[in-house]
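> Sharing a model prediction with you, sequence too.
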Amino acid sequence: MDRKSGLTFRSAGQEDVPLILHFIRALAEYEKMLDQVVATESLLREWIFERQKAEVLFALADGKEVGFALFFHNFSTFLGRSGLYLEDLFVSPEHRGKGYGKAILTQLAQIALERGCGRLEWSCLDWNQPSINFYRSLGAEPMEDWTVYRLAGDTLRRVAEGGAQPPFQGN
């Protein structure tokens, strides 16, 4: 139990897939990206539990799940060891302002240290100033010299097939 927040934590099991999807959709709605959620219970069950590619931690207040974190291991060649990458952190709106987000990050930091990880990192939307302020208050540093790049969908398929790319339109 987190002494300051009164939260308890538990790892998700396969029976929690509907709840995981609920939290993912709630986060996507908050981020104004609900139309981009294509995850299904079947996909989550396969990738989180059968393939073991991610883990989910629930935060509970009075025995009820009020927040969640979905994370996985990444690897730093410079550190020579893995880290934890936090993909999603969400606290239900009615439970915000109680220190639950900080308690979840504290728990994840403890997990990272227990596993010998060299760091805990995540991405944050540029417009999400409340989260940015919160992360900065913890001492988290934005990686200002780095930009996230992504291949997805048709572009990912085209690159995987070695197909021609549209010409670069840079300066």
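That came through, no problem.

> Let me see the residues that make contact with the strand ranked longest in the chain.
Secondary structure of the chain per DSSP state E: the longest strand is strand 64-76. Here strand 64-76 makes contact (C-beta atoms under 8 Å, 6 or more residues apart in numbering) with 7, 12, 19-20, 23-24, 48, 53-60, 81-92, 95, 100-101, 104, 107-108, 115, 117-119, 121. Where C-beta positions appear, they are placed from N, C-alpha and C, glycine not excepted.

> Apply 6 Å and report the result again.
Applying C-beta atoms under 6 Å, 6 or more residues apart in numbering, the contact partners of strand 64-76 are 23, 54-59, 82-92, 95, 100, 104, 108, 118.

> and it, which residues are buried?
65-72 (16 or more other C-beta atoms under 10 Å).

> Take those residues and write them to TSV, including distance to Lys32 and pLDDT.
Shown next, in TSV, are the buried residues of strand 64-76 (distance: C-beta to C-beta, whole Å; pLDDT from 0 to 100):
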residue	distance to Lys32	pLDDT
Glu65	23	98
Val66	22	98
Gly67	20	98
Phe68	19	98
Ala69	21	98
Leu70	19	98
Phe71	23	98
Phe72	24	98
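
> Looking at the most centrally placed residue in the chain now. What's its pLDDT?
Central residue of the chain (C-alpha atoms, centre = their mean): Glu87, 1.8 Å from the mean position. Listed pLDDT for Glu87 reads 97.
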